[in-house]
Each structure stands twice: as C-alpha cells, then as structure tokens.
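Enquirer: Sequence and computational prediction follow.
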Amino acid sequence: MGEHSWQDSPPPVSLFLGPGQDGGQEWSVELHTRASPTNAYGIVDFKDTYVRVAVDSKPDLLLQLMLREWQMERPKLLLTVQGGSENFTLPPKVNQAFSKGLMAAALSTGAWILTDGINTGVSKYVGEAMKNFGGHDLRKRNTVGITPWGVIENNTDLIGRDVFRPYQPLGNPLSKRSCLNGFHSHFLLVDDGTLGKSGCQHGLKKKLEKQIQLQKIHPRLKQGVPVVCVVVEGGPAIVSTVLDYVSSVPPVPVFVFEGSGRAADLLAFLHKQTTLQENLDADIEEDFLVRIERVFAVERTEASHLYTLLLQCMDHRQSITIFDSESEDHLAPDAAILTTALKGTKASPAEQLSMALAWDRADIAQNDVLVSGQHWQVGSLEQAMLDALVMDRVSFVKVLIDNGMTMNRFLTVDRLEELYNMPHGQTHHFLRHLVEDAKQTSLPLGYRLSLIDMGLVIEDLIGGAYRSTYTRKPFRAVYSHMQDKRCLLFQTPQRSGDKLEEDPGLCDASLLASFNFNDLFVWAVLQQRQQMALFLWQHGEEALARATVACKLYRSMAFKARQSSMDDDPLSPSLFVSEFGQLAVDVLDCAFRQNEQMAMKLLTSEMEAWSHFTCLQMAVSSCHRPFVSHSCTQTLLTDLWTGPLNMRKNSFLKIILSLLLPPAILLLEFKSKAEMCHVPQTHEIILFGLDPVKPDTAETTDHTDGEDAERGFSFHDRYLGPVADTMSSITLQCLSWLTKLYDFYTAPVAKFWFHTISYLAFLMVFSYVVLVKMQAYPSVQEWMVIAYILSTAVEKIREVMMSEPRKLSQKLKVWFSEYWNISDFTAILLFMAGLTMRWHAEPYRTAGRIAYCLDIIFWFVRVMDLLAVNQHAGPYLTMITKMTSNMFFIVVMMAIVLLSFGVSRKAILSPDEEPSWSLARDVVFQPYWMIYGEVYADDELARVSRLFVFVSAACKDGETCPSVAFLSPILQAVYMFFQYIIMVNILIAFFNNIYFDMESTSNKLWKYNRYRYIMTYLERPWLPPPLILCSHFTLGLRAIYRKLSGVSEREERCSGLKLYLGPQDRKKLHEFEERCVEAYFYEKSEGLHSTETSRIRATAERLVMIFSINKVNFIQGGLSELDCQLGQLQDLSVLAVDTLTLLSASDSLHQDGTRLAQCKVLAPSRHAVPHSWSLPQWHGADWDVPNVRRLVAKSCKSTPPSLLKGCTAASRRPSQEFHAGTRGGRHGHTDEGEDRIKEVLIASFKVCSFIMMLQMLQGDV
C-alpha cells in the first residue's frame, strides 16, 4: 500500500505533551495529542488487512483507501450491525436466523458489513456467521471492523509499515482489552490517543456510512447505496443509536432481531404495543419501566429517560422492522432485511426496482416492487429492462417479461445499438475486432458500432449465402433516413419478411423496422452472455433454428479468436458450442419421438427470419455432426436419396436394370403423396413446373394439401384427378407413365448410378486414349473424352452460378471450399492445357499427351468420391482424408532430416561438382529411397571393407574417393537411424492413433458427409455428361421464361433444399415446435426429479438393507449368547443336584460309593445334550483320585473354564471332607450338611426359575 502521507486530514494520533502544557490539567484529544503518519498497516496472519487511522480522518479518503488500495468491490448495500459489546448468548433459532439471513443478504447483494471488529459481543456472532456461511470466495467477504486502537489486546504487535504480522486472537482473560475477530476481512483501527476506552469509533463510523451512502449503487444507476442498521441485543447506548438512525435525514431503516435480548427485545415489545396507540396504558407503562430497570440494571430516573428515547424511536416506527424468528409466517431473514432496505429509504418504485436490480434479487422485485397499485413513470420499465440486459441480470429479464414487457415496445434501433456499444472488457474488444475483420479496415478510437456493422459481422461469421436483415436495402434505407431526420418510430409487429410498411398516422419518415427475440438472442450470443442467450432461446419461435445459429456463431467466433490469439478467456466461445448443440439435438429428438414427419419438416422448412436458410443447412454449416447424424436427419436424407422410389431390397440392382432397360421402370414401386409430404422441393422440380404454393393462394390450398396428405393421394391423384373425366384412359395411362419416368430419373439414387455408369465408361475410353498412340487429329474416342470433360466444365460453371451467395467472389469461395471441386478444377485445367498443346506439332504434341497421362490420375482418384456414398467404404475414405490432412508436419520434419543428410553427403562425396540442376536431384534422390530400405550396396563391393562400403559405391569408376569420404557411412548410419527407425515409426504410430480415434466416430463423420453427397445429386441434372448439355439448355430456356414473366422475384427462395409452407402450415409447425420445447424442459425437470428420487430411494433401500442385516446379526448374536448362558445354567443345575446327592449321604461308605458314582462318566455321545452329566455307578476297581480327576476333566471338555474349575474343586472337596469326617466324627458333618442342603435347594430353585424364563424368552425370539 505504501506509506500514507495524510496531507488532507490528520493522520493517526499519539499521546504527547506539547511544550508549555501542564500535565495536571484535564486531558483532551485536542491538547494532548498530535498527528503523525500512520505507523501500523499491513496484513495479519489470518489474511485480514488493517490500518491505523486518526479519529478525525476524512471519510472520503478512507473510502478511497478501501476501494483502490484494498480493492474492495463497490458496495450495493451497507449493513451496520449494532448490539452488545460484551459476550451474551443468543437462542439457537435467533442465532440461526441472524447468521443465515445476514450472510445471505450480504453475499447475494455484494453488501459491506460494518461492526466493531472485536472478538466479543455481536461482532463475535458476525464472525461466526462469516465462518459458517461466508463461502469460499474471499473477495465477497467484505466485513469491515471499525475498532478503537486503545482497546485492542497486544496492539503493539501490529505496529509496522506494510508488514505481515502474526496476531493471537485469544487474549488474556484477566485483561480488560479485547482481541480482533479473525473472520473479518478488513480493519480500521481508530486512534484518539486513549487507552482502554471505547466509543471513539462511532463518530468515524457515522461519517463513513454517510460517505458510502453518497456512492452510486451501480455505474448505470442513479440510486445511492442504501444503509440498514441491524440490531442484536444491546445495552442502553443502542437505544440512542437507533434513535439517531431513524431520525436522520434521510432516515436509516433499522432491522431488529426479536428474542436476542435487552435493547432489541424492548424495542420489539414497544413496537408491538404502540401499533394501535401511541402511548402505553399506565399499568403497562409501569411494568415496562420495571422491565427496563431490571434489564439494564439502572435507576428509575435512567429508566424513565430510556423510556422517553424508546417512545421517540416509535415516532419513526415506519423505519423500524421487527423480525420474530419464532413466527411461522415471516419472510426469510435475508428477504426481510432487503425489504427493509427498500421500504425504509422512501424511494420511488423505479428507484426500488433499480436497487433490487443492482442486488440481482429478482424475488425482492417480484414480491415487493412489481405489485399491483404501483405508479410507474413512462419509460421506467423499459429503462429497467435495458439496465437488466446491460448488467446481465437474467432473472430480472424473466421477471420483466412475465410482467408484460414485450420486445415490440422495448427493442428499438437506439437501444439495440446501445447494447452493442456497451463497454464489456475483453468481449467488447473482441467484437470490435470482428467488425474490423468484416469491414476489412481499422476502426478509429471511439467509433460507435452500428447495426449495419453488426449485420456485416453476422454475415461474415455465418458465411455462405447468409444475408442479415441489417444489411438489406430496405433496412439501410430506414436506417439512413433515421440518421438524417431522427424522427423515425421503430416498432416490432409480427415479422413480415423485409417489407417496410408506412403508418399513415405519422409523418412520411415514420417507417417501421421489425425487431423481436431473434435480434436480442443474436446480441447475447455475440456478447458471449451464455446464460442470457439460453434464456432468450426459450422465447419466440424457431427454437431449433436459433440453437443451430448459435452453434454456427460460436464456432466461427472461436475460430476467429484462435486466429487472433484471443482464446485465453476461460469463457471462450468454444465452450458454449456444445451446450447449444446438445440443445438442438435434444429438441430434435423430442420432436422426432412425437411426430416424425413434423420433425423432418422442421429440418427443411424455410426460415424467413434467418435469410431463408433451413435448420439442416445451418447445422451442416456449423459442422454440427451429432445433429446431422441423428436418426431424424438420416431418415430425411434417406427419403431424399431414394426420392419417389419405394425400394427396400437390392435397390442398386433394380436401378441398374431400369437404367439399362427403361421399360422396367414401370414395374417399380413409387411412394404416395402422404409419404412424400415432408420431402422438400429442389430448384429443378420448381423449374419443371411444380411451383410451391404462392403466399396469396396458400390459405385456400392449405386445407386441401392437408386432406391430400392425410388421405394419401398420389401425384397422379393430386394433379390429374380433376381432369380425369375429360381424358381418355390411354391418355391418362401415358401421363402416369411419364410421371413415373420423371420420378425415376430425378431420384438422386438413380442420378448417382446413371452418372456413375457414365463416368466409368468415360474412364475406360480415356484410358484407351492415353494408352494408344496419339494421332495428328483426335480419334472418335478422344472426341468423346473431350465432349465429356467440356460438358463437365459447363456443369461446374452452372454449380458456381446457381449457388446461393449473390456475389461472384462469395460463390467461388464457397465452391472452392470443397476438396473435390479443387481436384476437378485442376483436372479440367490440365486437360485444357493438354488439349491446346496436342493440336500443335512436336514436341508440343508429346507434351499434350503427357498432360493427358497426368490428367487421368485426377479422374481416377475421383472414383474414391463415388465410393464415399457407400456405408462401408465411406468411413475408410474419411479416415484416409483425416490422415492425409494431419500428416503435414511430420512430413516436414522428415524432409528436414532428409535434406540435412542429402546435402552433407553430396558435398562430402562430390567436392568438385559444377553448378547445375542435377545437384538438387542428387541431394534428394538417393536419401529419399533410403527411407524405404534401398542403401545402394552393389554385390561386387561386398568384399570391400565394411567401413567404406557405401563410400565405394558412391565413388565413380576409376576415381579415387575423397579423403573425408569415411564420414559418409557415419552420416548414413545416423540418418537411417533417425529417418527409418524414428521418423517412419512415428508416422506409423500417428496413423495408427488416427485410425483408432476415427474408428469410433467414422460412422458419424460418414453420416455428416452424406449430406454433401445427397445434395450434390439432388441439384445435379439427371442426364450425365455429355448429354447434360441438353439439361443445361432446358434450364436456360426456363430461366429466361421466368425472368420475362416476372416470376424471378423469388430467385433467392428457390435456391437450395427447402420446404415451402403456407402461413397456416408454418403456424402449425411453430406450434408443434413450441410444444416440443415445452416437452423437452418438462422431461428434463422430470429427469432431474426422478434422478433425485431414485437416488433417495436407493439410499433408503440401502439403509433398510443395512438395518435388516444389523438386526439379523443382532438377533443371531443374542440367540448365541442365550444358548451359551443356557448351557452354563444347565451345568450349574446339574452341579447343584450332584452336590445335594453328595451331602445327603449319611454313611461314609455310602458316601464313598456315591462319590464314585458321581465321577463315573459314560462314553461321550454326539447326540447327548451338551453340558449335561449322568450319574452311573462305578466299580471299585476304577476308583482312585488321579483317575477320578482325569475322567472328570475328560467329561468336562465342553464345559466353560469356570465350571470346569468348579467341577474339579468339587471332586477334591468330598475327599477332604471324608478324611476330616473320619477324624472329627459324624456329628459336625451332619450339622454342616443340613445347612449346605438348604442353601443348595434355594439356589437350585432360583436356577430352575431362571432357566424356565430364558427358555420362554428364547421361544419368543
């Protein structure tokens, strides 16, 4: 930022006693501080910019600092947040409403937020809102903290000029100072020389707010920046602050969050209580005073004073808005804040609309501004529409159109030129560059673009025969007249071609020029405003045509940008081509699914608004391959290719047989009128006499056309039916035969085979001519070749002259854009040169024959174009063309390597050569053939040393080789390595890569190129050369007749492949297209909804599956655990029974027998219940302590370790008791046994009850 000099206003102040001042007098800022340049500005470690400023700094300089140095965006709204400075707790709902509402209002409008910037109180809540809802774009985080320098904790750490300082936002809890909040974007640290004292920032904040209010909300708008005070909680000082805001001129609206506490709740309560009456009742007033005393902890006098201030605030209640987050019928908090900003400024409806436009909040304009009962000045809505277009506010344009704004009332020449001349950075510069390219001249500085200039740009971008409305003579006359007198009135009625009608109610200069959504759509495309173009595309007619026009314009603009190295913009036109291209394909697909014939009519119907082009022409011109390869387009092309012929199998055999035997034509099957109603008419058909319906008679014939199409009347029924009664059957049959003959020979597929057979015959004759000796005078075969090629040249001239562009230069440019036309032009010129030389004597005759020999190469290569029609051979031809066009740079690199070796090799081996043209041959000849493996090593030199074998071969017989000839084999080795190993393999890999890339798209490319083949034979006369001259003669006579009869007015409309419709049919077609667009958007929205629904359904199903799996696992685990516990309880029960049996024995011998019986275990069985014991009797021989323990351990293998341990302990305990009993007597053992029996009985009863309960639970589960 650099050091601030603060020349116009005092810089930050510092504590200083001047000379002669008494330190004991009362301290004041004026007496005890002095100004000095700021010594604290820079960036803190949480990326916030700060500067230390004086308390009396000029607000205009501060605003200049924020806009220029800090590069903050100009504010469109100022939100100053007021509230408590100490920490307080907001209720969750209030906190949520405050955080979301404040951030949504700020981010959507580009507002600035002013706070105290400290990490306590309401500023802390603003920082948390910025943290949670502020987004990731740091440039939109315009939260400015205006903080007193003296209350900042560790403020000395910030001292430094243009520095990066670390700052700890967590301060000392025992300190009375505050820390800066790290989620603010900028800080103004106000210094008045005091330490630990707050409040000095309020005056500077008020001045800064006033200065911001004076700024324009947008450069195009006159409205200033609105200010809104947002109140959250707050102490007694907030009441005075609110009164200052609402009583100022103009008043600043205040937005209060009810439920936040203290001052905010008092304002909300009083605002609601004084809705019907100005003063409160006595009891309510007393309660309110008590509430003020309790909330602010003040005396009655102070409370009365605050009550008076609150009542004064209510005198301006219209400037105060209360937001209750608990209410269910309130607006969203951001919408409520913005509505407060609109209503609180007392602005007119036009100014309110301007503010909503600057904020880009169409919802606010729709709900609060564009409502019934508003009074609008004349032209205010039109100005709002212009501002919305310039500012690229798509949502506002939609709202204005929905509220009745029409293009015939809004769009005029002046406004359209203003839209084109608006400064828009790189886009405007690129548009001027396009105008310079179109006009082939440089534009002076400050040149104002005109609509005629834009017409030239549109023609240059679309190319071909396209003519813009802005460059036609009628519009030029209107435009020049308007420029002269400036009293023309331009309206937009329904577009009616290019005719200008005169309004008798106005002066002679009041000619009408028509504009509609198409003009605005083209403007949006040329300005590269994609979202606006997508919106305008949905309005008006001919949506499919506009999508293809946008593709063509964007593609041409991208090509121009690449040529001028101006394609670095991330929003390059090349990125928008695919979007409109996909729109065109989707709409066409939707139309084709609804009605196939109507969809095909959309492709070829004439569009008057787009220079009489068709959608198919525009798609082909824009290289829109997916559109051309669509099923609808290919079906139409197939119908065009077969024409009236109805062929399904072996079509080429039937056609060839019919060409060789014409009577077989009468046996072929032809299509009906209903099947051909969607097929467009060609120029030749029109000249034959089937002229389309004239505009003045269209209305009377549309109905009959529709009936014919529905009933399926044939050509014979349509044209010969009315006179059938007056003609004989023989005459009708002859006319029917003639009609079939004409339909057959004019079908493109029949033309193709007729011309192909003729061409193959021509090649055979031409091959015979160049293979035999050339005589002094041409033979019959040579005359046939001459006639064929000369008639072909005449046909090429006819193609150029009959093409759509009007100027000859444009016609030639379009014609030479095709490769095969260039090949034909070269072949014809070469043949004409050979024909001229063959009439002279030798050696010119030989040169003419050589020209023939070279010329036949071009005619043989031309056969490949005939193969392109085939579905299987066509894709391979496309691959070859792609490989040939892309191998240029690799061939150049190979040529560089070849020349570098050839020149050095020739110079080394032949140092004494004389200047001659043979040097160039020797340099290139042998190195070129070495690429293919020929190294020129003779057999007789095989015995020569391997080092000099190639040198010897290069040396002449009888001559000694140069002394440095040993370098030649070294250079040849290096050359062969680079050329043969590297370059040739790179070329092969390159071709391989192209093959695999093209293999997946070759079918689409063939379908795209198929249009050119079909159009070629649609427009070509049916007779092949040289008989084609007869067709030329007939066409010439008919053209002369039409010109003399005055029918040539529609020459432009009669060119190309077009379907001419009457007004009623065109209206039906447009209605069908509108329904298709609506269906497309409906399907798209349904698809998005179904996608979301299916995603939610799949997620729910997965959750249900997871829950079910978890539930099953939980149940299985529970059952396993219950089974384990049941086993343990069974073991315990058996052990208890054994213990009872053991203790019940009264006799020692019987006791020993019983113990032995307990320990005797049967052989384990797989069918026995686990964890259960049996009590068989053991023999005495099996009894001893080790065996008992071993057997017990063996019997308890499936028993848990705890039970096993208890079992072994029980087995030891009876033995010990037995020995003790023998020593101590039986009496003590009997008493102890009785007590033990009681305990075991009780335990057994509990265990049995528990087992029964578990079994019941297990059965339930």
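Expert: All right, it came through fine. Residues are numbered from 1 along each chain as shown.
Enquirer: going forward, measure contacts between C-alpha atoms and count neighbours the same way
Expert: Will do.
Enquirer: how about the helices in the stretch 601-750 of the chain?
Expert: For the stretch 601-750 of the chain, the helices defined by DSSP state H, counting those that start in this stretch occupy 615-621, 625-628, 631-642, 651-660, 683-688, 698-711, 715-720, 729-745, 748-771.
Enquirer: Please produce JSON lines containing those helices, extended by mean pLDDT, mean neighbour count and distance to residue 973.
Expert: Shown next, in JSON lines, are these (pLDDT from 0 to 100; neighbours: other C-alpha atoms under 10 Å; distance: least, C-alpha to C-alpha, whole Å):
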{"stretch": "helix 615-621", "mean pLDDT": "89", "mean neighbour count": "22", "distance to residue 973": "51"}
{"stretch": "helix 625-628", "mean pLDDT": "90", "mean neighbour count": "22", "distance to residue 973": "48"}
{"stretch": "helix 631-642", "mean pLDDT": "88", "mean neighbour count": "19", "distance to residue 973": "55"}
{"stretch": "helix 651-660", "mean pLDDT": "84", "mean neighbour count": "16", "distance to residue 973": "56"}
{"stretch": "helix 683-688", "mean pLDDT": "48", "mean neighbour count": "15", "distance to residue 973": "64"}
{"stretch": "helix 698-711", "mean pLDDT": "39", "mean neighbour count": "15", "distance to residue 973": "77"}
{"stretch": "helix 715-720", "mean pLDDT": "44", "mean neighbour count": "15", "distance to residue 973": "76"}
{"stretch": "helix 729-745", "mean pLDDT": "81", "mean neighbour count": "15", "distance to residue 973": "63"}
{"stretch": "helix 748-771", "mean pLDDT": "93", "mean neighbour count": "18", "distance to residue 973": "43"}
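Enquirer: could you redo the ones you listed as TSV and give each row distance to residue 244?
Expert: Shown next, in TSV, are the helices of the stretch 601-750 of the chain (distance: least, C-alpha to C-alpha, whole Å):
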stretch	distance to residue 244
helix 615-621	65
helix 625-628	66
helix 631-642	71
helix 651-660	93
helix 683-688	81
helix 698-711	74
helix 715-720	88
helix 729-745	91
helix 748-771	86
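Enquirer: starting at the chain centroid, how far to stretch 374-383?
Expert: Stretch 374-383 sits 36 Å away from the centroid of its parent chain (C-alpha atoms, centre = their mean, to the nearest Å).
Enquirer: related to what we said a few turns ago, closest to residue 989 out of the helices of the stretch 601-750 of the chain?
Expert: Shortest distance between residue 989 and those, using C-alpha to C-alpha, is found for helix 625-628: 26.7 Å.
Enquirer: Show me what the closest one is in contact with.
Expert: Identification of contacts with helix 625-628 by C-alpha atoms under 8 Å, 6 or more residues apart in numbering yields 581, 584-585, 616, 619-620, 633-634, 1004-1005, 1007-1008, 1011.
Enquirer: ok, now stretch 283-296?
Expert: 235-236, 262, 266, 298-300, 303-304, 306-307.
Enquirer: Give me the subset of those that lies in helices.
Expert: Among the contacts of stretch 283-296, the members falling in helices are 236, 262, 266, 300, 303-304, 306-307 (criterion: DSSP state H).
Enquirer: Pull out the buried members of these.
Expert: 236, 262, 266, 303-304, 306-307 (16 or more other C-alpha atoms under 10 Å).
Enquirer: between these, which is nearest residue 351?
Expert: Nearest member of these to residue 351, counting by C-alpha to C-alpha, is residue 266, at 32.9 Å.
Enquirer: Return the per-residue confidence for the closest one.
Expert: For residue 266, the pLDDT comes out at 93.
Enquirer: which residue packs closest to it, ignoring adjacent ones?
Expert: What sits nearest to residue 266 in space, not counting adjacent residues and going by C-alpha to C-alpha, 6 or more residues apart in numbering, is residue 292, at 7.8 Å.
Enquirer: Got the phi and psi for that neighbour?
Expert: Phi and psi for residue 292, reported as degrees, to the nearest 10, are phi -60, psi -40.
Enquirer: try residue 822
Expert: Residue torsions, per degrees, to the nearest 10, at residue 822 are phi -60, psi -40.
Enquirer: what's the neighbour count on the closest residue to residue 74 other than its chain neighbours?
Expert: Among residues not flanking residue 74 along the chain, residue 67 sits closest, at 7.0 Å (C-alpha to C-alpha, 6+ apart). By other C-alpha atoms under 10 Å, the residues close to residue 67 number 14.
Enquirer: Surely residue 67 is in a helix?
Expert: Yes. The assignment for residue 67 is a helix, going by DSSP: H, G, I helix; E, B strand; the rest coil.
Enquirer: Show the model's pLDDT score for it.
Expert: 91.
Enquirer: Then the one 5 residues further on?
Expert: Predicted confidence (pLDDT) for residue 72: 90.
Enquirer: That one contacts residue 141, doesn't it?
Expert: No. Between residue 72 and residue 141 there is no contact under C-alpha atoms under 8 Å: 9.3 Å.
Enquirer: which one of the two has more residues nearby?
Expert: The neighbour count for residue 72 versus residue 141, taken as other C-alpha under 10 Å, is higher for residue 141 (24 against 19).
Enquirer: Could you pull up the contacting residues of that one?
Expert: Residues in contact with residue 141, defined by C-alpha under 8 Å, 6+ apart, are 107, 130, 134, 184-185.
Enquirer: Please report how far the residue lying closest to residue 45 once chain neighbours are set aside lies from residue 308.
Expert: Nearest residue to residue 45, sequence neighbours excluded (C-alpha to C-alpha, 6+ apart): residue 166, at 4.8 Å. Using C-alpha to C-alpha, to the nearest Å, residue 166 is found at 47 Å from residue 308.
Enquirer: cool, and residue 583?
Expert: On the measure of C-alpha to C-alpha, residue 583 and residue 308 end up 66 Å apart.
Enquirer: These two: which has the busier surroundings?
Expert: The neighbour count for residue 583 versus residue 308, taken as other C-alpha under 10 Å, is higher for residue 583 (19 against 12).
Enquirer: Can you pull out the residues in contact with the helix or strand hosting the more buried one?
Expert: Assessed by DSSP states H and E, residue 583 sits inside helix 574-594. The contact list for helix 574-594 (C-alpha under 8 Å, 6+ apart) reads 530, 544, 547-548, 550-551, 554-555, 557-558, 598-600, 624, 626-627, 630, 632, 1073, 1076-1077, 1079-1080.
Enquirer: make it 6 Å
Expert: Applying C-alpha atoms under 6 Å, 6 or more residues apart in numbering, the contact partners of helix 574-594 are 544, 547, 551, 554, 558, 599, 627, 1076.
Enquirer: what's the pLDDT at the first one?
Expert: At residue 544 the predicted local confidence, pLDDT, stands at 92.
Enquirer: The fifth one too?
Expert: Here, the pLDDT recorded for residue 558 equals 89.
Enquirer: who touches it in this structure?
Expert: 573-574.
Enquirer: how much space is there between it and residue 573?
Expert: 5 Å.
Enquirer: Please apply the same query to the third one.
Expert: Between residue 551 and residue 573 the distance, using C-alpha to C-alpha, works out to 9 Å.
Enquirer: where's the residue nearest to residue 890 when sequence neighbours are not counted, which helix or strand?
Expert: Leaving aside its sequence neighbours, residue 890 sits nearest to residue 987 (C-alpha to C-alpha, 6+ apart; 6.8 Å). With elements taken from DSSP H and E, the one containing residue 987 is helix 984-1019.
Enquirer: quick one, that helix and helix 748-771 angle?
Expert: Going by axes from the mean of the first three to the mean of the last three C-alpha atoms, to 10 degrees, helix 984-1019 is angled at 120 degrees with respect to helix 748-771.
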